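Novice: test case, fold it:
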Amino acid sequence: MTEAKGQFDVQTKPEASFGPGVGRFSLSKVFHGDLDGTSTGEMLAVRTPTPGSAGYVLIEHVVGKLHGRAGSFLLQHFGLMDRGQPEHKVVVIPDSGTEELAGLAGEMSIDTSAGHAYVLRYVLP
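Specialist: Presented below is the predicted three-dimensional model:
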């Protein structure tokens, strides 16, 4: 697997929700580093009455260059907090890569402890 590392800037905008306790947000990101590009996405999130318990899902469309290869791809995020214990997974949606990123597969980890950092571990044919 190849690793792409860098930082990203993110902006979120609340949108109309479909039910009580459910938040809906649109996101836009700018990626810097080995992934140089932008993304847009839609997120649904909910917090339960139990402190530290929540969940979210997000679909994100990324356009740019990955180690100099141009194209786009989709990411699917899945996040849970179980009474303060986090679980987070971000994967490239199979067969979503275009142009020079066709066939892209992999997973992304995100670290928000000091800004917004990413590591994308991927393979390309």
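Novice: low-confidence bits of this protein, can you list those?
Specialist: Under the criterion pLDDT under 70, no range of the chain is flagged.
Novice: can you give me the strands for it?
Specialist: 2-15, 22-33, 35-47, 54-66, 69-82, 85-92, 105-111, 117-123 (DSSP state E).
Novice: packing partners of the first one?
Specialist: What it means is strand 2-15. Applying 3 or more Cβ pairs under 8 Å, 6 or more residues apart in numbering; DSSP states H and E, one finds that strand 2-15 makes contact with strand 22-33, strand 35-47, strand 117-123. From N, CA and C alone the C-beta is placed, and that goes for glycine too.
Novice: can you rerun that using 10 Å?
Specialist: Contacts defined by 3 or more Cβ pairs under 10 Å, 6 or more residues apart in numbering; DSSP states H and E place strand 2-15 against strand 22-33, strand 35-47, strand 105-111, strand 117-123.
Novice: how about the CA coordinates for it, as PDB?
Specialist: Extracted in PDB, the C-alpha atoms of strand 2-15 (Å, rounded to 0.1, in the frame of the first residue of the first chain):
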ATOM      1  CA  THR A   2       1.000   3.600  -0.700                       C
ATOM      2  CA  GLU A   3       0.600   6.300   1.900                       C
ATOM      3  CA  ALA A   4      -0.600   9.800   1.200                       C
ATOM      4  CA  LYS A   5      -0.300  12.300   4.100                       C
ATOM      5  CA  GLY A   6      -1.200  15.900   4.700                       C
ATOM      6  CA  GLN A   7      -3.600  18.400   6.200                       C
ATOM      7  CA  PHE A   8      -7.000  19.600   5.300                       C
ATOM      8  CA  ASP A   9      -9.200  22.600   6.100                       C
ATOM      9  CA  VAL A  10     -12.900  21.900   6.600                       C
ATOM     10  CA  GLN A  11     -16.100  24.000   6.700                       C
ATOM     11  CA  THR A  12     -19.400  22.700   7.800                       C
ATOM     12  CA  LYS A  13     -22.900  24.200   7.200                       C
ATOM     13  CA  PRO A  14     -26.000  23.100   9.000                       C
ATOM     14  CA  GLU A  15     -28.800  22.000   6.700                       C
END
